[in-house]
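J.: Could you look at this predicted model? Sequence included:
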There are 2 protein chains.
Amino acid sequence: MLVTLRDIPADAEIASHQLLLRGGFVRRVTTGIYAYMPLMWKVLQKITSIIQEEMDAKGCLQTLLPQLQPSELWKETGRWQGYTAGEGIMFHLKDRQERELGLGPTHEEVITNIAGEILRSYKQLPVNLYQIQTKFRDEIRPRFGLMRSREFIMKDGYSFHTNEANLKSTYLDMDNAYKRIFMRCGLQTVAVDADSGAIGGAASQEFMVTAESGEDMILISTDKKYSANQEKAISEPIKAKPLAKGEPSLIETPKQTSIDSLCSIQGFDSSQIVKVLLLVAHLENGENQPLLISIRGDQELNEIKLINVFTQKTGKNIIAINSITNDQLSSQGLTQIPFGYIGPDLNDSFLNGAKTWNNKFLRFADLTAATLESFVCGANKEGKHLNFMTWKHLGGLPEKVDIRKAKAGDSCIHDTNQKLEERRGIEVGHIFQLGRKYSKALNATFTNQSGIEEPFWMGCYGIGVSRLAQAAVEQNHDESGIIWPITIAPFEVIVVVANNKESIQVELGEKIYSELIANGIDTLLDDRAERAGVKFKDADLIGIPWRIVVGRDADSGKVELVQRSDRTAELMNHASAIQKLSKEIQQAKDLSISQPL
Amino acid sequence: MLVTLRDIPADAEIASHQLLLRGGFVRRVTTGIYAYMPLMWKVLQKITSIIQEEMDAKGCLQTLLPQLQPSELWKETGRWQGYTAGEGIMFHLKDRQERELGLGPTHEEVITNIAGEILRSYKQLPVNLYQIQTKFRDEIRPRFGLMRSREFIMKDGYSFHTNEANLKSTYLDMDNAYKRIFMRCGLQTVAVDADSGAIGGAASQEFMVTAESGEDMILISTDKKYSANQEKAISEPIKAKPLAKGEPSLIETPKQTSIDSLCSIQGFDSSQIVKVLLLVAHLENGENQPLLISIRGDQELNEIKLINVFTQKTGKNIIAINSITNDQLSSQGLTQIPFGYIGPDLNDSFLNGAKTWNNKFLRFADLTAATLESFVCGANKEGKHLNFMTWKHLGGLPEKVDIRKAKAGDSCIHDTNQKLEERRGIEVGHIFQLGRKYSKALNATFTNQSGIEEPFWMGCYGIGVSRLAQAAVEQNHDESGIIWPITIAPFEVIVVVANNKESIQVELGEKIYSELIANGIDTLLDDRAERAGVKFKDADLIGIPWRIVVGRDADSGKVELVQRSDRTAELMNHASAIQKLSKEIQQAKDLSISQPL
C-alpha cells in the first residue's frame, strides 16, 4: 500500500515534515495530531526495538503506565496548577463522576507513587523502569509535524536509588545507553547541558540532533569541551567599553527610547547602558508579582534563567511571565510610566493601588549590569537619561544574578580563550538527575540499612521516539526524498519491477524478493502497474537504502543495484546482488551495534 | 523485581483480578485505571506478537492512529452526541483553542476518513489496516480489574472493499485468524452471534472466553450448532398454557401488583398474562419518547433488541432508556398511574400536558404476547385486572416485534428439538461486517471499474488485549495462583535457588539459567534471600509453567523439575532437565502454531 503525493503539502514548513507527508508516512488528523501509516509504523518499531535492546542491556524493566492520571497525584507534587492553568500544556478533563484527570505529558507522579508502594527496602534497589507509549501536550504552537505535535510517542524511564552516588552512576549508564541508541539509529547528535524546566532536579543533559531547522539554539565551545542549550548556557560576556569619567548628570534624550537610537545619537556604546525591563510574573498561588530587571544594554534576558532564579529565591512557581505595558497599567488603575526612560531606581510607589498586582517590585540585576562602575540609565522622566551613574547614586545594588542569554562570540567559562559557537538542534533525548523532589512530595520512601525510612533518589530519562523518526529525515534527505539510515528504514531493500507486463521481469522480481526475505532482509516489492519512472521516483521519495531494479536485462538474469544515499548503480547478476546486499546489510547492522562511542 | 502481596486485595471481586494484583502484574492507579508492571508487560507483549503474526499472515498492515480525535469527524457520522451525552462513554475535552476532542474508544471515523483520502481506486483494494494501542471508555461501572477498565489495550482492524462479497470473504479470513489467535494464546473460546451495538453494521460475531465470572450470558444449543450472546439470541419460547374459555370480565385483584402474587392468588400461569412495561427513551435529537411494551408474563424484555427495533422503526437513535416512575410522572406534571395494573390499552391521554415528553406512546407487543388468543391483563384501575381478554377487545394489536430475552430451556429456531443452554463468557474479540455505514457518512469513496465513485464496503475487527490477558488467568488458575498458558506466560521457566547462602546451589542455579537463556527459553532466576517456601509460593502465584528447583541435591547436579499445571515433580540431572524443557517448550509452541482449528 504505497501512496505518495506529488505536491508539496501547503502547511508543511520544513523538509522532513513535507517528505513524511509526501511519502505517505503520516497523515494529519487535526492540528498537531497525526496518524502513523504502515511505512511509519515500521520505522517506529525499529527505533523501539533498538531502545528496548539498549535498555534491557542496562537491566531496565519495561512497564506501561496509564495515560489518564488522577489530579490528586499532581496536586501532591504541586504541579497540577502549573500544568493545567495559564500556559500549562496538560490536556485535562472531568469524568462522569466529575473527577479531574490529566492526559499524561510525563509520568513522575504515577511511577513515584507506585515505587513508594512496592519498593520497601534498600535490598530491592536500584530499580530502573521504563515505558514506550503515547504522550500528550496541548502545545501553544504545534508545528513542524512530529517535531512539536500534541500527541506523540515517548520512551520515558525512571530510576530509584538509595543514595545520590548510585543515582549518578545510573545517570552515566543512561548517558552511555542514549548515545548508543542515537548512534544505532544512524543519527549525529550532540549532548548538551540543559535546563531541567518543569521536570526539575539537579542536573540534566539533552541530546540534540544537529539540523538547521532545529528549534533549539545550542552553544558549543571551539574546543568542543563545553556544549549547552542556550536556555542553560553560561559564558563570560564580552567586556564593557568603559565610560569616560564624569559627574552624574541629567541628559536630554528626546525620542531616544531604544538602546540603538540612544547610542547612535549620544555616541554611547550599548555596553555602557543599563537597560531596565518591567515584567509581571503570574504565580501558581495566584499572586502577580511585578519584576524590575536591570541588564547591560548589549545583553538579552534569558527568561528561563529568570524563572529559575525567581523560584530559587522565593520558593514560588511561575505559571507565566509577561512584559508590563501601559494598557496593563491602566487596567490595574495605575498611572502611565515613561517606557524607554525607566531607571533601576523606579520607585515602588508607582505600584500603589494596583488592583491585582503586589505593590512592590522584586528587583534583580544581571551580573553584566551589576559590575558596571559607571553607566547611563533612564531617569524615570520622559526624554531624559542619567549619565555617569553608579549603583551607589541609585541607592544601592539590587540582588546580583545570572539571567543573561549566553551567545555566540562570548568567551567560555572553562577557558576564556575559547569562544562559543552557535548551532541549531532538535532535542531527541533528555536525562535528569531528579534527586528527591518527587519522592519527598509523594512521601515515597524505602527502609535503609539502618532501618530508617527515607525518600528515594531518582533519575528520569526520556526519548522522543516519533520526533526522533522525523529528526532522522531532517538530517538525512536530498532533493528527491528521504535517505533512511538502514537500521531504522521501513524496508532495507526495494525490488522494483520496471515493467509489470513483462512476465520475465515479474518472475525474476518475485524470485529475488522471496530470496531476500528468506535471507532475513526486510524487502518491499514494487510490481505496480505504473511507469518505471514513477516507481523510481517513489522509491527515492520513501528513501529505502537499497534498490534492485529488474528491467530489460532480466532476460540474462541481470539487475541494477542502486544505493539510495549516493546513487551509485551497478549492473550485476541477480544472485551476486542478493549476496552483496546480505553482506552489506549485515555489516551495517553489526557496525551500528559494536561501534565504540 | 518480584513484588507479591500476601493478602487478597479488598476491592478485587473475581479470582483473576485478585491474582493479577497479588502477583504484582498490575497496580491500580485510580478507578478503572491500572499500571502494567514488568511481568504483565511481558504477557501483553507475547499476546501482541501472536496477534501481529496472525494479522501479517493475512496481509494486514499495522498502523497507529491518534487517541485524540476531533469532534468534527464524529459529528459527520452522527455519533458525537451518543458517545458523549447521557450514558455516552467517550471521555472528551476542550483544547486551549476550545476545540472539542474525544479520547478514542474506537477508530471507525479516523480510519474511514484517511482511507477516503488515500484509497482512490478499486486497484488499491482490498486493504486491511490494524493497530494495537490504548483505548478509553468512561465506564459507568468500571470493575473486575482489566475486564471492564477505563483505559485498556485493544487491537482494532478495519478493512476496505469494492463489494460485499469481498468484505464477507475477509470477514471469514478474520474469523479464522481470530480463532487461531485465541487458540495460540491457550484460551478456550466460543464464537457467538452478537448484537452490533453502537458500532453498527449487518452481521457481527463475538469470541467469548468461557468462565463462570463472565459478564456476558451466552446461549448455546445442545447440538452446538447455534450459539449467541443473550443480547442477540433468538429462540422459540416455551408454549403458553392456554387459558380456559370465558367471557371478558373484570376481576378484583387487590395488592396483586406482581405477576407472582397475581398467579399464586388467582391460580393463573404466568404465560397467561400480558405484562406491560412503561419506559421513556431519551433520543439523540433531544426528544423523550414514552414507550408501552406488552410482553408475556413469563418472559423478560431484551433492552438491546428493543433499542434496535426502535431505531429500525423510527430512524432515531436512543441515548438512554429508563422505566417510568410516579416521581417522573409528577415532574412531568402528569397524574399518577396505577402501576401493577396497567393494560396494553392505557390511553395516550395520560400523557397530555407532559412537560418534556412526547404525548403519545410508541407501542410494541412482543410476539409472545401478540400471539395469545385469550389472556389476563391490567385494567388500568387500582386493584383490578381483566380476564379472558383478546387484542380485539383491547382495540387492536400494537406492532408485533421480537424484543424478548431468549433463555435457557427455550427451543432453538434451527431445530426445535434442540434446547438452549446457558454459559457465561468474557468477550475478548468482536468482528463486524460494517457495510457502508461509515463510508457513506464520511463520503469515503473509491473509483470503481466503470469509473464511478462509490463508498467502500467495510469490516472491523477488535480484540481486547488487556482483557484477554486477564481472561486467560480467569480460565487458568487454581487455589495457589495463576497457571499461564506457556505461549503467553511472562516467563516459560523459573529457576528457584532454594537457599541462596549455599554457593553450590547459587552456582548451579546461575549455570542452568544461562543455559536456558542460551537455548532461547525465557527464564527467570529467583535467587532472593528469602526462605524456599516463600519462593515456591511466589512461583506458584505468578504462574510460570515450569519450575526448576535447585536445592540440596545440587551437590550431585540434580534438580527438581515441576510443572505448574498439575504439580508433577521429577528429580533429575540438571542437563536432562534443560534438555527436557527445551523439547517440551518447543513442542508446545509448535503445536499452538500448527494445530488445525
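T.: Sure, I can see it.

J.: Any idea how far stretch A:344-358 is from the middle of the chain?
T.: 37 Å (CA atoms, centre = their mean, to the nearest Å).

J.: Buried ones in it, by neighbour count?
T.: A:344, A:345, A:346, A:350, A:351, A:354, A:357, A:358 (16 or more other CB atoms under 10 Å in any protein chain shown). Where C-beta positions appear, they are placed from N, C-alpha and C, glycine not excepted.

J.: Test for you: state the pLDDT assigned to the fourth one.
T.: Think residue A:350. We have a pLDDT of 88 for residue A:350.

J.: That one - that's part of a strand, no?
T.: No - in this structure, residue A:350 is helix, not part of a strand, as judged by DSSP: H, G, I helix; E, B strand; the rest coil.

J.: Quick check, it in contact with residue A:336.
T.: No - Residue A:350 lies out of contact with residue A:336 (CB atoms under 8 Å); the separation is 9.8 Å.

J.: Can you show me the helices along the stretch 451-597 of chain A?
T.: Under the criterion DSSP state H, counting those that start in this stretch, the stretch 451-597 of chain A contains helices at A:465-475, A:503-518, A:532-542, A:574-594.

J.: Out of those, which gets nearest to residue B:178?
T.: Closest to residue B:178 of the helices of the stretch 451-597 of chain A is helix A:503-518 (CB to CB; 25.7 Å).

J.: what's the closest one packed up against?
T.: Other helices and strands packing on helix A:503-518, by 3 or more CB pairs under 8 Å, 6 or more residues apart in numbering or on different chains; DSSP states H and E, are strand A:493-497, strand A:523-526, strand A:546-550, helix A:574-594.

J.: So what touches that helix?
T.: Helix A:503-518 is contacted from outside by A:493, A:495-500, A:523, A:525, A:527, A:548, A:550-551, A:554-555, A:557, A:559, A:574, A:577-578, A:581-582, using CB atoms under 8 Å, 6 or more residues apart in numbering or on different chains.

J.: Go again with 7 Å.
T.: Contacts to helix A:503-518, defined as CB atoms under 7 Å, 6 or more residues apart in numbering or on different chains, come from residues A:493, A:495, A:497-500, A:523, A:525, A:527, A:548, A:550-551, A:554-555, A:559, A:574, A:578, A:581.

J.: The helices and strands packed on helix A:503-518: which one's closest to residue B:102?
T.: Of all the helices and strands packed on helix A:503-518, it is strand A:523-526 that lies closest to residue B:102, at 34.9 Å by CB to CB.

J.: in its sheet, what does that closest one sit against?
T.: Strand A:523-526 sits in its sheet next to strand A:493-497 (parallel), going by DSSP bridges.

J.: my guess is residue A:489 contacts residue A:547, does it?
T.: No - judged on CB atoms under 7 Å, residue A:489 makes no contact with residue A:547 at a distance of 11.7 Å.

J.: neighbour-wise, which of those two wins?
T.: Neighbour totals were compared for residue A:489 and residue A:547, and residue A:489 leads with 27 against 23 (other CB atoms under 10 Å in any protein chain shown).

J.: what's near enough to touch that one?
T.: A:543, A:544, A:545.

J.: any chance you could map the helices in the stretch 301-450 of chain A?
T.: For the stretch 301-450 of chain A, the helices defined by DSSP H, counting those that start in this stretch occupy A:303-314, A:326-331, A:367-370, A:437-441.

J.: Now residue A:77. Nearest residue, chain neighbours left out?
T.: Leaving aside its chain neighbours, residue A:77 sits nearest to residue A:441 (4.3 Å; criterion: CB to CB, 6 or more residues apart in numbering or on different chains).

J.: Please name the bridge partners of the residue nearest the centre of chain A.
T.: For chain A, the residue nearest the mean C-alpha position is residue A:427 (3.5 Å; CA atoms, centre = their mean). Judged by DSSP bridges, the bridge partners of residue A:427 are residue A:208.

J.: Tell me if I'm right that it and residue A:217 touch.
T.: No - the pair residue A:427 / residue A:217 is not scored as a contact, 11.3 Å apart, by CB under 7 Å.

J.: Count the neighbours of the residue of the stretch 251-400 of chain A found nearest chain B for me.
T.: As assessed by CB to the nearest CB, chain B sits closest to residue A:320 within the stretch 251-400 of chain A, at 12.7 Å. Residue A:320 has 15 neighbours, counted by other CB under 10 Å.

J.: List the residues that contact it.
T.: A:86, A:87, A:282.

J.: Now narrow those residues to whatever sits close to chain B.
T.: The subset of these within reach of chain B, by CB under 7 Å from any CB of the partner chain, is empty.

J.: Between those, identify the one with the most neighbours.
T.: Neighbour-wise, the contacts of residue A:320 (other CB under 10 Å) top out at residue A:282, 18 neighbours.

J.: Tell me what that one is bridged to.
T.: Assessed by DSSP bridges, residue A:282 has beta-bridge partners residue A:288, residue A:320.

J.: Over to residue A:375?
T.: In beta-bridge terms (that is, DSSP bridges), residue A:375 pairs with residue A:389.

J.: Buried residues in stretch A:307-324, which are they?
T.: Neighbour-count burial for stretch A:307-324 flags A:307, A:308, A:309, A:310, A:311, A:317, A:318, A:319, A:321, A:324 (criterion: 16+ other CB under 10 Å).
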